[in-house]
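Engineer: quick one: sequence and predicted model below, then my questions.
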Amino acid sequence: MKNFYPEEALCAARGKIDAVTDGLVLVYGVGASLVERADITIYADITRWEIQLRFRKGQDNWHTAMHDLPQRAKYKRGYFAEWRWGDRIKDKLLPVFDYYLDTTSAGNPAIVPGTAYRDALSKAAAQPFRMVPYFDPGVWGGDWMKTHFDLPENGSNYAWSFDGVPEENSLLLDFGSCVVETPALNLVYAHPRELLGDCVHARFGKEFPIRFDMLDTMHGQNLSLQVHPLTEYIQSHFHMHYTQDESYYLLDAAGEAPCVYLGIKTGTKPEEMVSALQAAQNGGKPFPAEKFVNKIPVKKHDHVLIPAGTVHCSGADTMVLEISATPYIFTFKLWDWGRVDLDGKPRPIHLEHGAANIQWYRNTEWVHRNLVNAVAEVYTGENGTVVRTGLHEREFLDTFRFTTSSALPVHRNGSVHMLNLVDGTRAVLRSKSDAFPPLELHYAETCIVPQAAGDYEIYSPDGSEVKVILACVRN
């Protein structure tokens, strides 16, 4: 961000400050801290979801002469540029600012002392917590979340739920006199070792490497056919450290033939498939996906693994818990079924990037052998079962499903844990040493258990069977 402020302008501002001999001087606005270290610093913050909502209402990007850009262009500029510039300053100011100002609720700001704010983050880093979820419509969206979460009518179906993405979600911190909504990313910056664990922090730094979100196509449409970049590709082309490996855990599936599109059909000729994709993109015949891509039938509690380079998408009539790595968003769309988005415009296709990353050896046999329900039993006892449901050996995440009607202990492996209650009404996370107050998790809710929280157990308070999926970074 300092590149937007010429040093001579900063020097001129400092000169004005030095010329004041009596009274107070207020320096305000984006980049105010670049002028000089003040006697009192107030950090004004806002959540990324609120910024997106304001974009949709007409707000422009920061420091730009380009007005009234499409919402997608505003978001892309914010996501990959502006927010990163701001985060670098935030990371430096978090340990030292005197007051934290929450500006997320327009017209209703909330302010707390910096010491109290930092103390709240310290407490959050030592106990399980949930983040503030948000839900967004999409052209392929379904009605499962609207029904199960009692969401308001929005004129269309909901497509996404973001419930486990610290880069996107926020925290509510209750100070008694006020409640502050703050980006969850601030917790990652303030207490990365306590949150992530030493081993994970050593590998990823101040990045949260696990992502839980939901994709709802129940009574909706297929997602776009897509592929994620290989590690070497994302490093050489986009300078990211790691790539977006992922998986689909089926919370639900209905209809006549729910499915996931996954991998390349055996016998497919790469040049023929790419030619068909190019022709479809140029207005020719629609891409015959089922000629080239495996269509895998799925049911509730299936787990489909998707290492980077695998062509994939979830089909209609599925409710997917997407478990993935989080190197920012790098999804190369190959085919969007010839439709337009909610704004009436075609969604971007990234065929050149996508074709360069398709792993053609991941054919029908390979997919069924390696990526569909690769479940292994870990523990069976009178209190329940634990099974490992993935992920693939090329992916750095592990996932485990705990099933119990009483209580099952969860042992730590040096990694932060992310959990979702995939079956049952409610489950409780209890500390084995009373290190934190119990946290109640309801159906399809996600929570994070920091490494600093220590050992805990998953408990069914009413004796009914519950299933919890847990993701962590593999040792």
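Structural biologist: Sure, I can see it.

Engineer: ok, which stretches of the stretch 201-350 of the chain are helices?
Structural biologist: Using DSSP state H, counting those that start in this stretch, the helices found in the stretch 201-350 of the chain span residues 231-238, 270-281, 289-292.

Engineer: turn those helices into TSV, columns for distance to D341, mean pLDDT and mean neighbour count.
Structural biologist: For glycine as for every other residue, the C-beta is placed from the backbone atoms N, C-alpha and C. Shown next, in TSV, are the helices of the stretch 201-350 of the chain (distance: least, CB to CB, whole Å; pLDDT from 0 to 100; neighbours: other CB atoms under 10 Å):
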stretch	distance to D341	mean pLDDT	mean neighbour count
helix 231-238	24	95	15
helix 270-281	15	97	16
helix 289-292	19	97	17
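
Engineer: among those helices, which is nearest R388?
Structural biologist: Judged by CB to CB, the one of the helices of the stretch 201-350 of the chain that comes nearest to R388 is helix 231-238, at 22.9 Å.

Engineer: strands along the stretch 1-150 of the chain, start to end?
Structural biologist: 42-45, 99-102, 110-113, 134-142 (DSSP state E, counting those that start in this stretch).

Engineer: could you do the stretch 301-450 of the chain as well?
Structural biologist: Here the stretch 301-450 of the chain has its strands, by DSSP E, counting those that start in this stretch, at 303-306, 312-314, 318-325, 332-335, 376-381, 384-390, 397-404, 407-410, 417-423, 426-431, 439-442, 446-449.

Engineer: picking that back up, with distance to T404 and mean pLDDT as added columns, please give the strands of the stretch 1-150 of the chain in a markdown table.
Structural biologist: Listed next are these as a markdown table, based on distance: least, CB to CB, whole Å; pLDDT from 0 to 100:
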| stretch | distance to T404 | mean pLDDT |
| --- | --- | --- |
| strand 42-45 | 40 | 97 |
| strand 99-102 | 39 | 98 |
| strand 110-113 | 39 | 98 |
| strand 134-142 | 29 | 95 |
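
Engineer: mind putting these into CSV with mean neighbour count?
Structural biologist: Converted to CSV, the strands of the stretch 1-150 of the chain look like this (neighbours: other CB atoms under 10 Å):
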stretch, mean neighbour count
strand 42-45, 18
strand 99-102, 20
strand 110-113, 17
strand 134-142, 20
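
Engineer: for the ones you listed, give me CSV that also has distance to Y328.
Structural biologist: Shown next, in CSV, are those (distance: least, CB to CB, whole Å):
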stretch, distance to Y328
strand 42-45, 20
strand 99-102, 25
strand 110-113, 29
strand 134-142, 18
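
Engineer: quick check: which of those strands is nearest to L185?
Structural biologist: In terms of CB to CB, the element of these nearest to L185 is strand 42-45, at 10.2 Å.

Engineer: related to what we said a few turns ago, any chance of JSON lines for the helices of the stretch 201-350 of the chain, columns distance to V378?
Structural biologist: Shown next, in JSON lines, are the helices of the stretch 201-350 of the chain (distance: least, CB to CB, whole Å):
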{"stretch": "helix 231-238", "distance to V378": "28"}
{"stretch": "helix 270-281", "distance to V378": "38"}
{"stretch": "helix 289-292", "distance to V378": "36"}
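
Engineer: so which of these is nearest E393?
Structural biologist: helix 231-238 (13.5 Å).

Engineer: what does that closest one contact?
Structural biologist: Here helix 231-238 makes contact (CB atoms under 8 Å, 6 or more residues apart in numbering) with 229, 240-244, 308, 327, 330, 353, 356-357.

Engineer: outline the domain layout of this structure.
Structural biologist: Following automatic domain parsing, one gets these domains for the chain: 2-46+54-124, 134-167+208-370, 376-473.

Engineer: for these, give me a markdown table that also has distance to V200.
Structural biologist: Listed next are those as a markdown table, based on distance: least, CB to CB, whole Å:
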| stretch | distance to V200 |
| --- | --- |
| domain 2-46+54-124 | 17 |
| domain 134-167+208-370 | 7 |
| domain 376-473 | 5 |
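
Engineer: which among these is found nearest to L196?
Structural biologist: Closest of these to L196 is domain 376-473, at 4.9 Å (criterion: CB to CB).

Engineer: which one among the contacts of helix 231-238 gets closest to A124?
Structural biologist: Checking the contacts of helix 231-238 against A124 by CB to CB gives P327 as the nearest, at 24.0 Å.

Engineer: so G414 touches P450, yeah?
Structural biologist: No. G414 is beyond contact range of P450, at 12.0 Å (criterion: CB atoms under 8 Å).

Engineer: between the two, which has more neighbouring residues?
Structural biologist: Shown here are G414 and P450; by other CB atoms under 10 Å, P450 has more neighbours (22 against 15).

Engineer: output the below-cut-off pLDDT ranges for this structure.
Structural biologist: For the chain, applying pLDDT under 70 flags no range at all.

Engineer: okay, which residue is most central for it?
Structural biologist: Centroid check for the chain by CA atoms, centre = their mean gives V165 as the closest residue, at 3.3 Å.

Engineer: A32 versus that one, what's the distance?
Structural biologist: Per CB to CB, to the nearest Å, V165 is found 29 Å from A32.

Engineer: so for stretch 325-337, what gets flagged as buried?
Structural biologist: Going by neighbour count (16 or more other CB atoms under 10 Å), the buried part of stretch 325-337 is 325-327, 330, 332-337.

Engineer: for stretch 423-441, same thing?
Structural biologist: 423-424, 426-431, 436, 439, 441.

Engineer: tell me the span between the first and last residue of that stretch.
Structural biologist: End-to-end distance for stretch 423-441: 11 Å, by CA to CA, to the nearest Å.

Engineer: the nearest residue to T425 once chain neighbours are set aside: neighbouring residues, count only.
Structural biologist: Of all residues beyond its chain neighbours, the one nearest T425 is Y443 (5.9 Å), with distances taken as CB to CB, 6 or more residues apart in numbering. Residues contacting Y443 under the criterion other CB under 10 Å number 17.

Engineer: separation between Y443 and V468?
Structural biologist: Going from Y443 to V468 by CB to CB gives 11 Å.

Engineer: re earlier: tell me the contacts of the residue nearest to the centre of the chain?
Structural biologist: Counted by CB under 8 Å, 6+ apart, V165 has contacts 131, 211-213, 326.

Engineer: same question, V132
Structural biologist: Neighbour list for V132: 47, 169-172, 181 [criterion: CB under 8 Å, 6+ apart].

Engineer: if you set the cut-off to 10 Å instead, what comes out?
Structural biologist: Listed by CB atoms under 10 Å, 6 or more residues apart in numbering, the contact set of V132 reads 47, 49, 104, 162-163, 169-172, 181-182, 184.

Engineer: got those residues as TSV, with distance to H303 and secondary structure columns?
Structural biologist: Output for the contacts of V132, formatted as TSV (distance: CB to CB, whole Å; DSSP: H, G, I helix; E, B strand; the rest coil):
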residue	distance to H303	secondary structure
T47	31	coil
W49	28	helix
T104	35	coil
F162	21	strand
D163	18	strand
N169	23	coil
S170	29	strand
L171	29	strand
L172	31	strand
E181	33	strand
T182	33	strand
A184	26	coil
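
Engineer: show me the two of those residues that sit farthest apart.
Structural biologist: By the measure CB to CB, T104 and D163 form the most distant pair in the contacts of V132, at 17.8 Å.

Engineer: that's all I had, so thanks and see you.
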